[in-house]
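Q: any chance you can model this:
(one chain, ligands or ions: 1)
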Amino acid sequence: MTHMHVAGAIHADTVTPAPKWLQTPVDVNALDPKLWSRTVTRGADGVLRVGGLAVSEIVDRVETPAYVIDELDFRARAREFRAAFDGWDVFYAAKSFLCTTSARWIAEEGLNMDVCSGNELTVALAGGMPAERIGFHGNNKTVAELTQAVEVGVGRIIVDSLTEIERLQEICAERQVRVGVMVRVTAGVEAHTHEYIATAHEDQKFGLSITGGQALEGLLACHRAPDLDLRGIHSHIGSQIFEVAGFEVAIRRTLELHKEFLDRTGVDLPELDLGGGFGIPYISADRPRSAEYLAGAMEALVRRECRGLELTNVPRLSVEPGRAISGTPGMALYRVGTVKMVDLAEGVQRCYVSVDGGMSDNIRPALYGAEYSATVASRRSDAGPLLCRVVGKHCESGDILVRDEFLPADITPGDVIAVPGAGAYSRSMANNYNHALKPPVVSVRDGELTTLIRRETMADLLALDAGYAPDA
Ligand code: LLP
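A: Take a look at the predicted model:
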């Protein structure tokens with residue numbers, strides 16, 4: 001697999017891109033606008049600018065590695081989803097990037113939020129997201145998490161197993177409260193994305209199977225539970241999806257189930273959630289769909305299916321975009337430490353550019369084979385393009401950040417490299433491998449820089465090491 005969306009094999013209207021080394025080298029100073037947040041430009045001095053600040057100034061202030069979020073772009077994408085899905089409910093998937101500030105932005109832009117742990121819930125609430133606008137996900141929520149969700153009054157809990165339905169009913173009964181629930185189902189869709197981020201095929205841990213009958217059983221169990229207010233069916237087919245074909249199958253199968261439940265109980269469920277997973281461009285070959293296109297296509301499919309099934313009430317629809325809001329507004333900044341030419345074969349070399357981060361701040365290439373792009377951000381270059389591999393500093397040969405990118409042939413230690421598309425699932429999946437310290441997240445807007453999450457320190461890590469005795 002060369003890229004996460006396995007282009008060509010499954011998307012009729014996309015073409016498998018040629019390997020980078022067969023492509024015509026690009027202008028190394030050019031920026032493909034779709035990959036970058038909307039305020040990004042290369043200034044007259046050759047330095048990348050974002051949010052009205054030069055990258056050189058940002059790294060002077062916060063050092064590298066660091067994540068930079070373009071606040072206005074983040075907010076604009078949130079608003080665009082809300083406007084495009086007018087009449088739907090849009091839940092921002094907090095797992096893609098969450099801190100109290102991003103929760104506040106989402107609350108201010110009028111979106112709802114999906115969380116999938118008690119700790120995410122705590123941050124969302126601390127950021128000012130009203131509990132009733134929060135949906136709580138997870139295939140193994142603990143009793144403590146369910147209790148927290150019920151006690152703070154989350155709008156809905158997406159139940160994922162028959163065990164959980166019983167557990168939640170008990171928690172609600174003890175407290176004499178009712179809670180809104182959706183039943184997460186597996187629609188049996190083979191979403192065309194990496195196996196680890198596809199979630200609607202049968203053989204995986206999420207949801208209740210429509211085919212196997214457990215989904216209907218789950219709906220009936222919620223219907224019988226006196227303190228569960230069953231709102232509807234929830235389906236999430238996977239991530240980094242560019243086409244609506246997968247959603248089409250999910251829409252058909254969930255609405256058939258909706259109809260079956262209506263026939264069995266006389267209850268016309270008021271809602272239907274179709275999940276998130278809308279793909280973003282990480283490399284120039286990616287062809288993302290706009291929020292308007294997705295909304296129009298999905299709504300048309302729902303209406304068509306409802307007509308076919310003779311459902312007179314179209315349920316209220318919702319979606320849960322994560323990276324489509326948070327991904328592109330964020331970039332990661334690294335400093336080049338070493339540049340090494342490695343012989344691949346007689347007369348063929350690959351240039352390895354090692355930077356001061358790696359799989360601890362972006363595990364996606366190592367985990368999913370995800371592809372990224374990069375540019376030298378600290379200057380313009382007149383040198384020709386050199387095909388490079390940008391790698392991290394971890395003790396692991398799979399510690400690759402950007403598998404193939406044309407960088408200027410004069411790439412040199414000290415240069416700052418920017419990687420676009422790092423707003424989603426980078427900081428949120430960061431780890432401390434090799435005792436790496438998680439980088440800070442700063443936002444930029446109108447020339448102002450704000451720290452959203454500070455850089456982790458060695459003192460933070462040592463504070464966890466119960467055996468650490470500085471003077472021993
Ligand atoms: N809704 C549900 C129920 C989900 O499980 C997810 C993602 C989303 C919405 C948002 O998906 P998005 O629109 O951001 O693609 N960590 C991976 C992907 C796994 C995400 C899990 N759930 C990645 O780095 O690509």
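
Q: now do the closest residue to V376 other than its chain neighbours: how many residues are near it, please.
A: With C-beta to C-beta, 6 or more residues apart in numbering as the criterion, V376 has its nearest non-adjacent residue at 5.1 Å, and that residue is D415. From N, CA and C alone the C-beta is placed, and that goes for glycine too. Counted with other C-beta atoms under 10 Å, residues neighbouring D415 total 20.

Q: quick one: low-confidence parts of the protein?
A: 1-25, 190-200, 472 (pLDDT under 70).

Q: tell me the residues on it that lie near the ligand, please.
A: 93, 95-96, 114, 137, 197, 236, 239-240, 275-278, 320-324, 364, 424-425, 429 (C-beta under 6 Å from any ligand atom).

Q: return the subset of the residues you listed lying in strands.
A: Of the residues of the chain next to the ligand, the ones assigned to strands by DSSP state E are 93, 114.

Q: filter the residues of the chain next to the ligand down to the buried ones.
A: 93, 95-96, 114, 137, 197, 236, 239-240, 275-278, 320-324, 364, 424-425, 429 (16 or more other C-beta atoms under 10 Å).

Q: outline the domain layout of the protein.
A: 2-63+329-463, 71-326 (automatic domain parsing).

Q: hey, which of these is tucked in deepest?
A: Sort the domains of the chain by mean neighbour count, taking mean count of other C-beta atoms under 10 Å, and domain 71-326 sits at the top with a mean of 20.

Q: quick one, phi psi at T186?
A: Backbone geometry at T186, expressed as degrees, to the nearest 10, gives phi -100, psi 120.

Q: I misspoke; the intended subject was Q148.
A: phi -60, psi -50.

Q: find the nearest non-adjacent residue to it, please.
A: According to C-beta to C-beta, 6+ apart, the nearest residue to Q148 is G118 (4.9 Å).

Q: that neighbour and T142 touch, don't they?
A: Yes: here G118 reaches T142: they are 7.4 Å apart, a contact under C-beta atoms under 8 Å.

Q: need the contact list for V302.
A: 251, 255, 272, 314, 317 (C-beta atoms under 8 Å, 6 or more residues apart in numbering).

Q: quick check: closest non-adjacent residue to G212.
A: E202 (7.6 Å).

Q: also V152?
A: That would be A131: by C-beta to C-beta, 6+ apart, it lies 4.7 Å from V152.

Q: what segments of the stretch 101-250 of the chain are strands?
A: 112-115, 134-136, 156-159, 179-186, 208-209, 228-234 (DSSP state E, counting those that start in this stretch).

Q: look up how far A126 lies from R287.
A: Note on R287: its distance to A126, by C-beta to C-beta, to the nearest Å, is 38 Å.

Q: got the contact list for the residue nearest to E166 when sequence neighbours are not counted?
A: The shortest distance from E166 to any residue other than its chain neighbours is 7.6 Å, reached at A221 (C-beta to C-beta, 6+ apart). Going by C-beta under 8 Å, 6+ apart, A221 touches 162, 165-166.

Q: now do F278
A: 241, 288-289, 291, 294, 319, 321, 323-324.

Q: name whatever forms a beta bridge with it.
A: I241 (DSSP bridges).

Q: any idea how far S381 is from it?
A: 35 Å.

Q: same deal with L407?
A: 8 Å.

Q: what touches both of the two?
A: In contact with both L407 and S381: V28, using C-beta under 8 Å, 6+ apart.

Q: wait, what's in contact with whichever residue of the stretch 351-472 of the chain sits closest to the ligand?
A: Relative to the ligand, the nearest point of the stretch 351-472 of the chain is Y425 (3.2 Å; C-beta to the nearest ligand atom). Each residue near Y425 by C-beta under 8 Å, 6+ apart is listed here: 95-97, 322-323, 327, 364.

Q: picking up where we left off before, can you redo the contacts of F278 as JSON lines with distance to T122?
A: Shown next, in JSON lines, are the contacts of F278 (distance: C-beta to C-beta, whole Å):
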{"residue": "I241", "distance to T122": "30"}
{"residue": "P288", "distance to T122": "32"}
{"residue": "R289", "distance to T122": "34"}
{"residue": "A291", "distance to T122": "29"}
{"residue": "L294", "distance to T122": "31"}
{"residue": "V319", "distance to T122": "24"}
{"residue": "P321", "distance to T122": "22"}
{"residue": "R323", "distance to T122": "22"}
{"residue": "A324", "distance to T122": "25"}
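
Q: nearest to the ligand among these?
A: Nearest to the ligand among the contacts of F278, with distances taken as C-beta to the nearest ligand atom, is R323, at 3.9 Å.

Q: state the next helix or strand along the chain beyond the helix or strand encompassing E256.
A: Taking DSSP states H and E as the definition, E256 sits inside helix 245-265. Remark: after helix 245-265, the chain's next helix or strand is strand 271-273, criterion DSSP H and E.

Q: so which elements touch the lengthiest strand in the chain?
A: As assigned by DSSP E, the longest strand anywhere in the chain is strand 330-345. Counting contacts by 3 or more C-beta pairs under 8 Å, 6 or more residues apart in numbering; DSSP states H and E, strand 330-345 packs against helix 55-62, strand 66-70, strand 348-355, strand 416-420.
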